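Trainee: pasting a predicted model and its sequence here:
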Amino acid sequence: MILVSTPGTWSAVYQPLDHAAWNGWTPTDLVFPFLLFAMGAAVPLALARRKDAHRGRYPVHRHVLRRALLLFALGLLLNAIETPPPLRLATFRIPGVLQRIALVYVAVAAVTETLPLEGQVTAAAGALLAYWAALTLVPVPGAGAGALTPAGNLASFVDRALLGRHLLTPDFDPEGLLSTIPSVATALMGVFAGVWLSAPRGRRGWLWLWAAGAAATVAGLAWGRVFPINKNLWTSSFAVFSGGIAAQVLALCHWIVDEPRPAWHRWLSTLSGPFSAFGRNALAAYFLSVGLDSLLTRWNAGNGLSLKAVLYRNGFASWLRPCCGSEAASLAYALAYVALWAIVFAELHRRRLFISI
């Protein structure tokens, strides 16, 4: 998320490192659903550990609500940092990445704590089918039923009705309220994957998960023929498609990391440092990196240029753009920015300093 969120300049980005304009997908569009999928896989295990640790003395629902409120508040603070001054409350954006994570977290915790596995599967399937039916059958004033344009779809209409001008754009918000429903299904797919891998299934359990993910990917592509894959709307086809790819990646990671191969483990242990450093401080890494990028973008360095523009031009564009193009220079800046934060969080990891809520 840091890599794709902080290029040197948004005017020169390789297509795979940018979101699809509307329908369709790029690798960048898979980052957020992968995050929700991973959260879904972790939530039941984390809540179970908390129950065992506190033995009923600290209600789980209180912990869930507290954590969700803090996540939502951090998301609002990040929106405030990203908003160019002056900050106008009348148009201040309310939705966001952390806000959606907070809502999905509460929903997944509620579903997994109150329903058996069969009920959870039914809830996920029902959410996807209901969202499909709503967006294709419910008429929108001025656009009719089935319109999936930025301004004419039902999700955007609901967001404008409930949130008014507090959206990313006047027409829609990619982290809006109604489109959060199918994103809950994405996280529940992670729950199912985590449950599957946690159960004793022999050494081929990962292969069945990979096959299920492949089937979901194909199903999502097929569904996309009638209900387009669209990350901005988080269409049901996008949820199934991205969840399927996430399941395949998780299965392969399980096969590589958890299968007993001592030679592989020695090789992986030397490469895992930066990934562990970011993973143990994931929230802090996202918040601080995006926040600093926003400050650098707004910091006036003179001559009408921001501090980020000066750093990018002098440190990367001046020598990379002539030989390799603007996209390469922009990517080099993003890679250097990721490396900078890798150093910061590697040091925190070395000192066993982990920031959590």
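Mentor: Cool, got the structure.

Trainee: would you list every one of the strands in this structure?
Mentor: Using DSSP state E, the strands of the chain run over 139-140, 144-145.

Trainee: so which of those strands is the most surrounded?
Mentor: Highest mean neighbour count of the strands of the chain: strand 139-140, a mean of 16 (counted as mean count of other CB atoms under 10 Å). Any C-beta I mention is one placed from the backbone N, CA and C, and that applies to glycine too.

Trainee: ok, it: who's next to it in the sheet?
Mentor: Take DSSP bridges as the rule and strand 139-140 pairs in its sheet with strand 144-145 (antiparallel).

Trainee: which residues touch the partner strand?
Mentor: Applying CB atoms under 8 Å, 6 or more residues apart in numbering, the external contacts of strand 144-145 come out as 136-139, 152.

Trainee: quick check: mean pLDDT of that strand?
Mentor: For strand 144-145, mean pLDDT is 94.

Trainee: quick one: distance of that strand to the chain centre.
Mentor: Mean-position distance between strand 144-145 and its chain equals 30 Å (CA atoms, centre = their mean, to the nearest Å).

Trainee: which residues does residue 287 contact?
Mentor: When contacts are counted by CB under 8 Å, 6+ apart, residue 287 touches 74, 78, 98.

Trainee: and the residues you listed, which of them are in helices?
Mentor: Judged by DSSP state H, the contacts of residue 287 include 74, 78, 98 as members of helices.

Trainee: now render these as JSON lines, adding neighbour count and pLDDT.
Mentor: JSON lines is the format used below for the ones in helices among the contacts of residue 287 (neighbours: other CB atoms under 10 Å; pLDDT from 0 to 100):
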{"residue": "74", "neighbour count": "20", "pLDDT": "96"}
{"residue": "78", "neighbour count": "21", "pLDDT": "94"}
{"residue": "98", "neighbour count": "23", "pLDDT": "96"}
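
Trainee: where do the helices sit along the stretch 101-250 of the chain?
Mentor: Listed in chain order, the helices of the stretch 101-250 of the chain (DSSP state H, counting those that start in this stretch) span 117-137, 154-163, 180-198, 205-223, 236-258.

Trainee: circling back to that earlier point, are any of the contacts of strand 144-145 buried, and which?
Mentor: 136, 152 (16 or more other CB atoms under 10 Å).

Trainee: closest one of the contacts of strand 144-145 to residue 288?
Mentor: Checking the contacts of strand 144-145 against residue 288 with CB to CB, the nearest one is residue 152 at 37.6 Å.

Trainee: not counting its neighbours along the chain, what's nearest residue 96?
Mentor: Here the nearest residue to residue 96 in space, its sequence neighbours aside, is residue 75; by CB to CB, 6 or more residues apart in numbering that works out to 4.2 Å.

Trainee: got the contact list for that neighbour?
Mentor: Under the criterion of CB under 8 Å, 6+ apart, the neighbours of residue 75 are 96-99, 101-102.

Trainee: look up how far residue 158 lies from it.
Mentor: Per CB to CB, to the nearest Å, residue 75 is found 20 Å from residue 158.

Trainee: can you check residue 256 too?
Mentor: As judged by CB to CB, residue 256 and residue 158 stand 42 Å apart.

Trainee: and the two? Which one has more around it.
Mentor: Between residue 256 and residue 158, counting by other CB atoms under 10 Å, residue 158 is the more crowded of the two (17 against 14).
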